[in-house]
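Engineer: Build me a structure from this.
(one chain, ligands or ions: 2)
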Amino acid sequence: MKKVLLVGGVGAGKSTFRQRLLAEPIEYAKTQALELFGQVVDSPGEYWEGGRFWHALQTTSCDVDVVALLLDPTTTARIPAGFASCLSCPVIGVVTKSALATPRQLETARARLSQEGIDSVLVVDSVSGEGFESVREVLCLE
Ligand SMILES: Nc1nc2c(ncn2[C@@H]2O[C@H](COP(=O)(O)OP(=O)(O)O)[C@@H](O)[C@H]2O)c(=O)[nH]1
Ligand SMILES: [Mg+2]
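Structural biologist: Ligands and ions are numbered 1, 2, ... in the order given. Alright, predicted model coming up:
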């Protein structure tokens, strides 16, 4: 499996996505630091939102095969302009919480990722597991 760094705002669904990906029990746990779980690096949303720890994400991206930007389609949190071009590996978009979003919200989330040059976009619901066949393909998971 490819090594993946999960980034995105607080509550975007990074840790739940990681639990589903690794077939772990889905349970809420606050992410306090960059943490490695097998081939998955989870990160606190504050690293993404505050900007203060941006360098930590950037440095970590040198050590992975792909960065996944997770986006909650039911919110309108900003994506920092041009962030993907600051990273040294490919970036994919993951729209989470598909079961909670309207078709329009899902379309808007895709469009926002596309505006940032992220055209490889997966739409998932980590609680139900919807969309994870494609995740497994993209991340070369058996
Ligand atoms: N229905 C649904 N809820 C989700 C999904 N992803 C995350 N959540 C919920 O959103 C909240 C925040 O998720 P979490 O994974 O901790 O976000 P993080 O801060 O990005 O790690 C939790 O209550 C999750 O149960 C999803 O795909 N579908
Ligand atoms: Mg988390």
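Engineer: Not counting sequence-adjacent ones, nearest residue to the residue most central in space within the chain?
Structural biologist: In the chain, the residue lying closest to the centroid (CA atoms, centre = their mean) is residue 70, at 2.8 Å. Sequence neighbours aside, residue 8 is the residue nearest to residue 70 in space, at 3.6 Å (criterion: CB to CB, 6 or more residues apart in numbering). From N, CA and C alone the C-beta is placed, and that goes for glycine too.
Engineer: Can you name the next helix or strand after the helix or strand of the chain with the lowest mean pLDDT?
Structural biologist: One helix or strand of the chain scores below all others by mean pLDDT, DSSP states H and E: helix 45-50, with a mean of 91. For helix 45-50, the following helix or strand on the C-terminal side (DSSP states H and E) is helix 54-61.
Engineer: who does whichever helix or strand comes after that next one pair up with?
Structural biologist: Per DSSP H and E, the first helix or strand lying C-terminal to helix 54-61 is strand 66-71. Strand 66-71 has its sheet partners listed here by DSSP bridges as strand 4-7 (parallel), strand 91-95 (parallel).
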